[in-house]
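Student: Mind looking at a prediction? Sequence and model below.
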Amino acid sequence: MLKHNIKRAIMNKNMLISLLATFLCLLIGGYEPVFLYGKNVDFTYTFYYALSCGTISILPLAFPIISSLPYASSYSTEYNTGFFKYYLLKTQKKYYIISKIISCGISGGFAVAFPTLLFLLLCIALKGPEITGEFQDYIAHGLDFYLNAPFYYCLASVLNLFICGALFALIGLAVSVIIKNTYLVNILPFCFYIFMAMFFANININLNPVILFDINSYAESKFIYVIVYKLILLLSSIAVFTIGVYKNEE
């Protein structure tokens, strides 16, 4: 069941759309350093300019939709078509839930992280592997790590993006047990993201979901709070989906 779900989550047309959309967002965000600045800037400047800190960086805004698109609506589709009951004839409900959570998380993470990894390698190919140090003023967390191992620092950001993509895909999956409309399932994680950024960020900067995407967005953010934030979103999404699946079957 798990292998079947992962295959469905990765090999579908929505995944292709998400992969292309992510890479396009990075190309748009990094247009200036990639195409205009030549080798006057290093690969880390180019990478982060495209990823989050550039004037036209759009991936921080778009990634909740991009990560939800490939597989977050799979449960609502299966429920509406009746395939949900068919799957339960072949496996136990708990294994169905575990399989769906893992495959959805992988799809959401892969949709945004894989193109970002390719873009990072493109940045290195265009700018070279050395850093000039001019970008270090942006690095609010882990400066020593950045200076000593810039590639691995960027790679850590790719891993973090995988986690963020997985989280928002799972938020969409949790929504799907409540709202069976596939379009809303893909849109509502984005709406949640915007709502949190508009209202909760004013209460405490560590509640701003932007720091989940890039902790360097705010120097006053705390790494431990980011971890707790992610764990709360993860466990809440899993709990809502699990309870919803059992309730819908009653």
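Tutor: Okay, I see it. Numbering: from 1, shown residues only.
Student: State the helix or strand in which the residue most central in space within the chain lies.
Tutor: With distances taken as Cα atoms, centre = their mean, G165 lies nearest the centre of the chain, 1.9 Å away. In the assignment (DSSP states H and E), G165 maps to helix 150-176.
Student: That helix - contacts with which helices or strands?
Tutor: Here helix 150-176 touches helix 43-48, helix 59-68, helix 74-81, helix 93-127, helix 143-148, helix 182-199, helix 210-213, helix 223-248, going by 3 or more Cβ pairs under 8 Å, 6 or more residues apart in numbering; DSSP states H and E. Just so you know, the C-beta spots here come from the backbone N, C-alpha and C atoms, and that holds for glycine as well.
Student: Y96 touches V245, doesn't it?
Tutor: Yes: the pair Y96 / V245 is scored as a contact, 7.4 Å apart, by Cβ atoms under 8 Å.
Student: So which residues make contact with the helix or strand bottoming out on mean pLDDT in the chain?
Tutor: Within the chain, no helix or strand scores below helix 83-90, which has a mean of 75 by mean pLDDT, DSSP states H and E. Residues from elsewhere that reach helix 83-90 (Cβ atoms under 8 Å, 6 or more residues apart in numbering): M1, Y75, T77, E78, Y96, E249.
Student: returning to that earlier point: enumerate every residue touching the residue nearest to the centre of the chain.
Tutor: By Cβ under 8 Å, 6+ apart, G165 lies in contact with F63, I66, S67, G108, G109, F110, A111, V112, A113.
Student: Tell me if I'm right that F135 and D42 touch.
Tutor: Yes: shown here, F135 and D42 form a contact pair, counting by Cβ under 8 Å, at 6.8 Å.
Student: number of nearby residues for F43?
Tutor: 26 (other Cβ atoms under 10 Å).
Student: Equivalent analysis for E220, please.
Tutor: Quick note: E220 (other Cβ under 10 Å) scores 8 neighbours.
Student: tell me the secondary structure for it?
Tutor: Classification of E220 by DSSP: H, G, I helix; E, B strand; the rest coil places it in coil.
Student: Roughly how far does the closest residue to it other than its chain neighbours sit from L143?
Tutor: Nearest-residue entry for E220: I205, 5.8 Å, with adjacent residues in sequence omitted and distances by Cβ to Cβ, 6 or more residues apart in numbering. To L143, I205 is 20 Å away according to Cβ to Cβ, to the nearest Å.
Student: Which one's more surrounded, these two?
Tutor: A direct count of neighbours by other Cβ under 10 Å for I205 and L143 places I205 higher, at 17 against 14.
Student: Please name the residues that touch the more buried one.
Tutor: If you count contacts by Cβ under 8 Å, 6+ apart, I205 has them with I211, Y218, E220, S221.
Student: What residues of the least confident helix or strand of the chain count as buried?
Tutor: F84, Y87 (16 or more other Cβ atoms under 10 Å).
Student: do the same with stretch 53-69
Tutor: For stretch 53-69, a neighbour-count test (16+ other Cβ under 10 Å) marks 53-54, 57, 59-60, 62-69 as buried.
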